[in-house]
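Asker: Here is a sequence with its predicted model. Questions after.
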Amino acid sequence: MKKLLAVVLSLVLALSALTVAGCNQAGTADKGKVKVGFIYLHDENSTYDKNFMNGAKAACEAQGVEYIQKYPIPEGAECKEAAIDLIDSGCTIIFADSFGHEDFLLEAAKEYPNVQFCHATGTQAHTAGLKNLHNAFAAIYEGRYMAGVAAGMKLNEMIEAGKFTADEAKMGYVGAFTYAEVISGYTSFYLGAKSVCPSVTMEVQFPGSWYDEAKEKEAAQTLLANGCKLISQHADSMGAPTACETAGVPNVSYNGSTLAACPKTFIVSSRIDWQPYMEYMIKQVKEGKAIDTDWTGTLATGSVVLTDVNTAVAAAGTVEKLAEIKAQLQAGTLHVFDTSTFTKDGANLTSYMADVDTDTNYTPDTEAIKDGYFHESEYRSAPYFDIQIDGITLLNAEY
Amino acid sequence: MKEPLFHIIKRTDVVWWKAWLIRAIAILAAFLVAAILTVIMTGLNPFSVFGAMFSGAFGTERRILKLFQGTAILLCIGLAVTPAFRMRFWNIGAEGQVLAGGMAAATVLIFAGDRMPSAFVIILCLAAAVTAGAIWAVIPALFKAKWNTNETLFTLMMNYIAIQIIKYFVLLWSVPKGSGQIGIINGTSQSGWLPKLFGQDYIFNIVIVAILTVLVFVYLRYTKHGYEISVVGESEKTARYIGINVKKVIIRTMILSGAIAGLAGFLLVNGTDHTISADTAGGNGFTAIMVSWLAKFNPLVMFLSSFLIVFLQKGAGQITTDFGLNKSFSDILTGIIIFFIIGCEFFINYRIVFRSSRKEAEKS
């Protein structure tokens, strides 16, 4: 009995000692007018979410506002709960980063009309009829096109070095799902490569997940086994880049530089810089102005960016060439989806009805081809280019 | 021969206050270890970290409501596995049974949602979910009864089948096409959604599970079925000797087990999520095993164990938010606390007697 008492007493003592030691460190933060709540799908190990976290930190620090971040928040009722919890904590802007969050954000937006809900990659704001729900995306297809040019130049370099013939120039692409955002992404990447390496073909493997390191790695390995000479991806883990590094095959990345993990194979990465949009939404709320229902970032707003080129791997002259392409894209003299540069079933397209307004039957509603090119991200920020063009083979389209 | 340093002796006469004192010590010790680890690994004040845990669970009215809602779901799944556990049938397939129920409810929501009155849809969803859960559970029970297959492996594998079936249908029915998610079902009409009670979400779930808890308690403690389950659990041979049809009891109990798990799936889909994905059960099917064990298969005590676990989960989430720590760290803290709580049951059931004190005891 005595022993038991001794154990209890010593534990109480130890805990109270810690209390005293700890109390001095507690700090309180000043209350700002605008407070932003961020909801992320995964933690910082996902390159996709990490990219948003970096943008959020930079934007809030630049604007001098407080922010709270919640993660990992799955694409379910938890998202609505997280949003309401952030509002209870004083947030006046809620930002969510994943496509599947949108439905739940919309639910919360109906209940809290005085809070602004900003959602990245979503499609419903322009048809939902809510004043406080906003979508944002960037014309990332332009960034992917530029990354594709870098990939094409690398292929040319390898062909010239006699590593394989021009006919064998085949790229691989790991794309999460057969969803318009992914199709738009890999097609623009492919067209970029094709603009400098005309004989290139591409195979796409779908892991059926936005974030599954093992499956993405497996998809990359399938492509490598099929003889792909260069890999790019639209998925959020390090699966594909590390598979390339192990195999010594060049990789064009997404969401941010993978140079540190893949120094021997990383060429360049396109990514969306979310800081401009986040600063914009904070500014609008600060000044009491409305946020655009549907906002598209561009090269000009600084939303579409490329990381530094890894000159150790990239072909000579890549940096100069990319600067040139960027200038042409900005000037409007070059269009990514120029209908003269690609065919579908052997024919050039002159008309295509795209599904811009989301409805349950996916009815195509908007003519997207005008003036000789497909107008991507103009009628809505989220991509809607979903044409399967010639030269690209889908290995497992069940996703 | 040299005497070992200590002996472990079974306790039979532990008084209730001593048992609870041991539990209290375990919790204190757990917090102490967690605090030391927090200081070493993050340099943060451990008390503000623990404070965040409480604020995450009780900080606002909404959080308290969520705490009870989470407890209700976990408790419901705990109630599902308990009848099976009491007859020593190791049903670790609750995750799959919940998902089967949820999938059935979601299917009805999608196809019947706008074709009939909401109340009717709810009843149909409930019937579909309970049936699907029961079917998912009775398959391993039939195999066990007929061919004496290993129920642990069988029920475990059934989880993966359920998960893959859901993944398949989520892709098939995804909105928008190809996005890999179904999104909110009947978002505008709210057809088939469980109604709010007292102007609050989730109260419906909480009330249903509260009633269910009492029912399961009464069923296990005071009915002939409950008695049969206990006898089969104690010894199948005895059960057979006194004329209990063991196969029948196994199959009947697993149908009940699966039906309750299906009900949990229904509550998740119609009551809270209004969608379906492979994450709908969120691992609660496995956590519920712990809920049931910690409470020694007593449904009323299971309220406490599920409440404790959900409290730790909610608190852990708040730590991640407040301190920008990776969720893995808060998982470590909850892991430590649960480890101590489970571990202390050993000291309640056994006594450690050291060499010297043993000799003294012999002398006197």
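Answerer: Alright, I've got the coordinates. Residues are numbered from 1 along each chain as shown, chains lettered A, B, ... in the order given.
Asker: Let me see the contact set for the spatially most central residue of chain B.
Answerer: By CA atoms, centre = their mean, the mean C-alpha position of chain B lies nearest to B:Ala288, the distance being 1.7 Å. By CB atoms under 8 Å, 6 or more residues apart in numbering or on different chains, the residues touching B:Ala288 are B:74, B:77-78, B:80-81, B:94, B:306. Backbone N, C-alpha and C define where each C-beta goes, glycine included.
Asker: just A:Asp357 next, same as before
Answerer: A:Asp357 makes contact with A:126-127, A:365-366, A:380, according to CB under 8 Å, 6+ apart.
Asker: Distance check, the residue in the stretch 251-364 of chain B positioned nearest to chain A against A:Thr307.
Answerer: Per CB to the nearest CB, B:Asp273 is where the stretch 251-364 of chain B lies closest to chain A, at 4.4 Å. Here the distance between B:Asp273 and A:Thr307 works out to 38 Å (CB to CB, to the nearest Å).
Asker: And the strands in the stretch 101-250 of chain A?
Answerer: Taking DSSP state E, counting those that start in this stretch, the strands of the stretch 101-250 of chain A run over residues A:116-120, A:133-138, A:170-175, A:201-205, A:230-234.
Asker: The third one pairs with which strands?
Answerer: Right, the one you point to is strand A:170-175. Strand A:170-175 has the following sheet partners, assigned by DSSP bridges: strand A:201-205 (parallel), strand A:230-234 (parallel).
Asker: mind checking which of those strands is nearest A:Lys33?
Answerer: Of all the strands paired with strand A:170-175, it is strand A:230-234 that lies closest to A:Lys33, at 38.0 Å by CB to CB.
Asker: partners of A:Gln95 in the sheet?
Answerer: You called it Gln, but residue A:95 is Phe. Beta bridges link A:Phe95 to A:Phe38, A:Cys118, judged by DSSP bridges.
Asker: since we're on it, how many residues are nearby?
Answerer: The local packing count at A:Phe95 equals 32, with neighbours defined by other CB atoms under 10 Å in any protein chain shown.
Asker: now B:Thr60
Answerer: By the measure other CB under 10 Å, the count of residues near B:Thr60 is 15.
Asker: As CSV, the contacts of A:Asp357 with neighbour count, pLDDT and distance to chain B would be great.
Answerer: Compiled in CSV, these are given as follows (neighbours: other CB atoms under 10 Å in any protein chain shown; pLDDT from 0 to 100; distance: CB to the nearest CB, whole Å):
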residue, neighbour count, pLDDT, distance to chain B
A:His126, 20, 88, 14
A:Thr127, 14, 88, 12
A:Asp365, 14, 86, 13
A:Thr366, 15, 89, 15
A:Arg380, 25, 92, 12
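Asker: When B:Asp273 and A:Thr307 are compared, which one has more neighbours?
Answerer: Between B:Asp273 and A:Thr307, counted using other CB under 10 Å, B:Asp273 has the larger neighbour count: 23 against 18.
Asker: so what's that one closest to, chain neighbours aside?
Answerer: A:Ala77 (4.4 Å; CB to CB, 6 or more residues apart in numbering or on different chains).
Asker: B:Ser277 is in contact with the one you found, correct?
Answerer: No: judged on CB atoms under 8 Å, A:Ala77 makes no contact with B:Ser277 at a distance of 10.7 Å.
Asker: Could you report the pLDDT at B:Leu124?
Answerer: Each residue has a pLDDT score; the one for B:Leu124 is 96.
Asker: no no, B:Pro4
Answerer: 81.
Asker: If we look just around chain B, which residues of the stretch 101-250 of chain A are in range?
Answerer: Along the stretch 101-250 of chain A, the residues adjacent to chain B under the rule CB under 8 Å from any CB of the partner chain are A:102-104, A:106-107, A:123, A:176-180, A:182, A:208-210.
Asker: switch to 7 Å and redo it
Answerer: Residues of the stretch 101-250 of chain A found near chain B, taking CB under 7 Å from any CB of the partner chain as the criterion, are A:103-104, A:107, A:123, A:177-179, A:208.
Asker: Columns neighbour count on top of these, output as JSON lines?
Answerer: Output for these, formatted as JSON lines (neighbours: other CB atoms under 10 Å in any protein chain shown):
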{"residue": "A:Asp103", "neighbour count": "24"}
{"residue": "A:Phe104", "neighbour count": "29"}
{"residue": "A:Glu107", "neighbour count": "18"}
{"residue": "A:Thr123", "neighbour count": "26"}
{"residue": "A:Phe177", "neighbour count": "24"}
{"residue": "A:Thr178", "neighbour count": "22"}
{"residue": "A:Tyr179", "neighbour count": "23"}
{"residue": "A:Gly208", "neighbour count": "18"}
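Asker: Could you pull out the buried residues of stretch A:155-165?
Answerer: Along stretch A:155-165, these residues count as buried under the neighbour rule (16 or more other CB atoms under 10 Å in any protein chain shown): A:155-159.
Asker: per-residue confidence averaged over it?
Answerer: Computed over stretch A:155-165, the mean pLDDT rounds to 95.
Asker: Endpoint to endpoint, it covers what distance?
Answerer: With CA to CA, to the nearest Å as the measure, the ends of stretch A:155-165 fall 10 Å from one another.
Asker: go on, stretch B:195-208?
Answerer: Distance between the two ends of stretch B:195-208: 13 Å, counting by CA to CA.
Asker: before we move on, what about stretch A:367-376?
Answerer: Criterion CA to CA; first-to-last residue distance in stretch A:367-376 is 11 Å.
Asker: Show me what the helix or strand harbouring A:Leu329 is packed up against.
Answerer: If you go by DSSP states H and E, A:Leu329 is part of helix A:318-331. Contacts defined by 3 or more CB pairs under 7 Å, 6 or more residues apart in numbering or on different chains; DSSP states H and E place helix A:318-331 against helix A:140-160.
Asker: buried set for the helix it packs on?
Answerer: Judged by neighbour count using 16+ other CB under 10 Å, the buried positions of helix A:140-160 are A:140-159.
Asker: burial measure for residue 336, as a count.
Answerer: Here I'm looking at chain A. Neighbour count of A:Val336, defined by other CB under 10 Å: 25.
Asker: that's the wrong chain, I meant chain B
Answerer: As a burial measure, the neighbour count of B:Ile336 was computed by other CB under 10 Å and equals 18.
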